[in-house]
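*Asks:* Pasting the sequence and the predicted model now:
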Amino acid sequence: MKNIFITFISLLLICCTDDVNADSQSPGGEAETVKSVVEDEVYETLSYKDVDVTVKGISSLILKGSVDNVLVNSTVFLEGGDAWIFFTNVDIDKFKASDLINKIKIDSKTIKEGVNVDFIKYYNGFYIKPKVEDYIPLYLYKDNDETAYPVSLDKVYAGSDIPVGDNAVTRIMLKRGHMLVMSDNADGTGASKVFIAEKKNIDIVLDEDLKNKVSFMRTVSWSYVNKKGIGGTFPLRKEVGIAWHYRWGIQEDDASTFEHDYVPMFWGGVKEDGLNKIFQMKLTNHVLAFNEPDGKEQANMTPEAALEKYPAILKLGLRTGSPACKEGQWKNWLDEFMEGCKQRNYRVDFIAIHWYDWGNWGNTQDPSPDNIDAMVNRLKNDIDNCYAKYGLPIWITEFNANTNRDTETQIRFLEKALPMLESHPHVERYAYFQPSKGTGDFLDDDGNLTDVAKTYGKVYSSPSYKQ
């Protein structure tokens, strides 16, 4: 059977962009609504005026205008579960409070959040995704068979559970907005790869590492998350532009939402209860491994002990980070761990590091250094050297100007460090850690945002992952 899935081939619109967005006048001088269709493609434009747009097939309509001008005298009709509309410059709350919510229809019906659509964070905007029971995010193919075998969301497939059979997958078609983890061992270890369909579908023949060798797989929803995060809990996340957070463990009351990303961490051990909790987190696609295992007061593990526990985390079928060592210990403890992963063929997707400028503090004991540029450069050098060693994306899961330095130094440091982190091509995410001595807290005693928090919040945050 001919493959019916078209992977984002740009089809000719019924009306060209200039005609679609131009004022159309009837003979009587009144505006005339133009009809347009977006089908099986990614289509980006600033806004629509006097246009009715039908979105169908596997399509992404990306609108970049503001809440006031993105849809003027225009309506968007979404047909089917794969027709999504993205607003890159519209706040979710402002959208809900405006007339825009009445300008989107799902199968000609009014949209209702949580009933027939979901509103989901998309970097600094959001997207609308129709709700469909038994949604299919992935199709598998095998040699000499044109049949498209469907795969369910969030389910772990191993061995004979895989729809095309064990060691039989040769080709995949992963829909945009999803992530797929595959490996050649049924426990998620061995030759393994993560596929992320951020904006476009992925339709490929597997390479020799996985072709006819897949024995493990899981597909989850992808989260469109900005870089800026925080370690620990903080109630005013939106006010400070925090897109994600983690805590040092797996908490029952923590979970990702459609507006905010939570990343669970295995602090030291890996227990069945923790694994089961993460399996239930439907919007989670990343997981962090052990916290400062090189420290006696923290996880306190040898690299060998961590390597024994690490395969259990890979069974989750998520994008997995390295253990986060104390400052600078990516050169030593982590080096032993990564070498062990290489020997055992364990996948590590990104490197987690900590940085507090302890080296300089130990030498100077200066609570208010003048040269902030030098401090930021020390952080940058640490990132650059770590990337040069491992060649993997970097997450800074703990950082500040040092707990012994005063509040003014924390502010001056953030003013210069954040732009560097945002523009750094190898920094995927970062999470500020409020100093234990209170010099860089985000809230004052009355629960109001401090100048430190306002400094953290005013820096624009960019996408954490770029395809």
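*Replies:* Ah, there it is. On a predicted model such as this, the values are computed, not experimentally measured, just so you know. Numbers count the residues shown, from 1 in each chain.
*Asks:* Quickly note the distance from Gly438 to Trp333.
*Replies:* Separation of Gly438 from Trp333 (C-beta to C-beta, to the nearest Å): 30 Å. Where you see a C-beta, it was placed from the backbone N, CA and C, and this is true even at glycine.
*Asks:* what about those two, which has more around it?
*Replies:* Between Gly438 and Trp333, Trp333 has the larger neighbour count (other C-beta atoms under 10 Å), namely 21 against 9.
*Asks:* my guess is that one meets Gly295, correct?
*Replies:* No: under the criterion of C-beta atoms under 8 Å, Trp333 makes no contact with Gly295, lying 9.3 Å away.
*Asks:* Would you mind naming the residues that pair with Val156 in a beta bridge?
*Replies:* Arg218 (DSSP bridges).
*Asks:* could you list every residue that touches it?
*Replies:* 216-218, 279, 315, 317 (C-beta atoms under 8 Å, 6 or more residues apart in numbering).
*Asks:* Residue ranges in this structure under the pLDDT threshold?
*Replies:* Where the chain drops to pLDDT under 70, the residues are 1-31, 252.
*Asks:* So what pairs up with Ser183 in the strands?
*Replies:* Here Ser183, judged by DSSP bridges, has bridge partners Ser192, Phe216.
*Asks:* Now do the helices in this structure.
*Replies:* Using DSSP state H, the helices of the chain run over residues 17-21, 92-97, 272-279, 303-314, 333-344, 358-364, 372-390, 407-423, 451-458.
*Asks:* can you tell which of these is closest to Gly188?
*Replies:* Nearest to Gly188, of all the helices of the chain, is helix 303-314, at 3.9 Å by C-beta to C-beta.
*Asks:* surely Gly440 meets Asn404?
*Replies:* No: Gly440 is beyond contact range of Asn404, at 11.0 Å (criterion: C-beta under 8 Å).
*Asks:* tell me the contacts of His178?
*Replies:* Taking C-beta under 8 Å, 6+ apart, one finds 137-138, 153, 197, 219-222 in contact with His178.
*Asks:* which of those tops the neighbour count?
*Replies:* Using other C-beta under 10 Å as the neighbour criterion, Thr219 leads the contacts of His178 with 27 neighbours.
*Asks:* which ones are touching it?
*Replies:* Neighbours of Thr219 in contact, by C-beta under 8 Å, 6+ apart: 137-138, 151-155, 174, 178-180.
*Asks:* got the residues you listed as CSV, with distance to Asp384 columns?
*Replies:* Below are the contacts of Thr219 laid out as CSV (distance: C-beta to C-beta, whole Å):
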residue, distance to Asp384
Pro137, 36
Leu138, 36
Val151, 39
Ser152, 41
Leu153, 38
Asp154, 37
Lys155, 40
Leu174, 32
His178, 32
Met179, 27
Leu180, 31
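*Asks:* Among those, which one sits closest to Phe413?
*Replies:* Nearest member of the contacts of Thr219 to Phe413, counting by C-beta to C-beta, is Met179, at 33.9 Å.
*Asks:* Near the nearest residue to Ile372 once chain neighbours are set aside, how many other residues are there?
*Replies:* Nearest-residue entry for Ile372: Arg412, 4.8 Å, with adjacent residues in sequence omitted and distances by C-beta to C-beta, 6 or more residues apart in numbering. Using other C-beta under 10 Å, Arg412 has 21 other residues around it.
*Asks:* what's the burial count for Val90?
*Replies:* By the measure other C-beta under 10 Å, the count of residues near Val90 is 23.
*Asks:* Tell me both backbone torsions, phi and psi, for it.
*Replies:* phi -130, psi 130 (degrees, to the nearest 10).
*Asks:* about what we covered before: nearest to Arg237, out of the helices of the chain?
*Replies:* Per C-beta to C-beta, nearest to Arg237 of the helices of the chain: helix 451-458, 9.9 Å.
*Asks:* Name the residues that touch the closest one?
*Replies:* With contacts defined as C-beta under 8 Å, 6+ apart, helix 451-458 is touched by 228, 236, 239-241, 407, 410-411, 414-415, 418, 432, 440-443, 449.
*Asks:* Over to stretch 404-422?
*Replies:* Under the contact criterion C-beta under 8 Å, 6+ apart, stretch 404-422 has outside partners 227-228, 361, 365-369, 372-373, 375-376, 379-380, 396, 399-401, 427, 430, 432, 435, 437, 439-440, 450-452, 455-456, 459-462.
*Asks:* just how off-centre is it within its chain?
*Replies:* 25 Å (C-alpha atoms, centre = their mean, to the nearest Å).
*Asks:* buried residues in stretch 301-311?
*Replies:* 301, 303, 305-307, 309-311 (16 or more other C-beta atoms under 10 Å).
*Asks:* likewise stretch 53-72?
*Replies:* 53-55, 57-63, 65, 67, 70-72.
*Asks:* rewinding a little: so between Gly440 and Asn404, which is more surrounded?
*Replies:* Using other C-beta under 10 Å, the more surrounded residue of Gly440 and Asn404 is Gly440, with 27 against 17.
*Asks:* how much space is there between that one and Asp161?
*Replies:* The value you get for Gly440 to Asp161, if C-beta to C-beta is used, is 49 Å.
*Asks:* Then Ala83?
*Replies:* 30 Å.
*Asks:* Ok, Ala431 next?
*Replies:* According to C-beta to C-beta, Ala431 stands 36 Å off from Asp161.
*Asks:* And Lys211, by the same measure?
*Replies:* The value you get for Lys211 to Asp161, if C-beta to C-beta is used, is 19 Å.
*Asks:* hang on, the earlier thing: adding distance to Asp357 and neighbour count, write the contacts of Val156 out as TSV.
*Replies:* Shown next, in TSV, are those (distance: C-beta to C-beta, whole Å; neighbours: other C-beta atoms under 10 Å):
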residue	distance to Asp357	neighbour count
Phe216	41	25
Met217	42	25
Arg218	39	25
Phe279	38	17
Lys315	37	19
Gly317	37	27
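*Asks:* so which of these comes closest to Lys49?
*Replies:* Set against Lys49, the nearest of the contacts of Val156 by C-beta to C-beta is Arg218 (43.2 Å).
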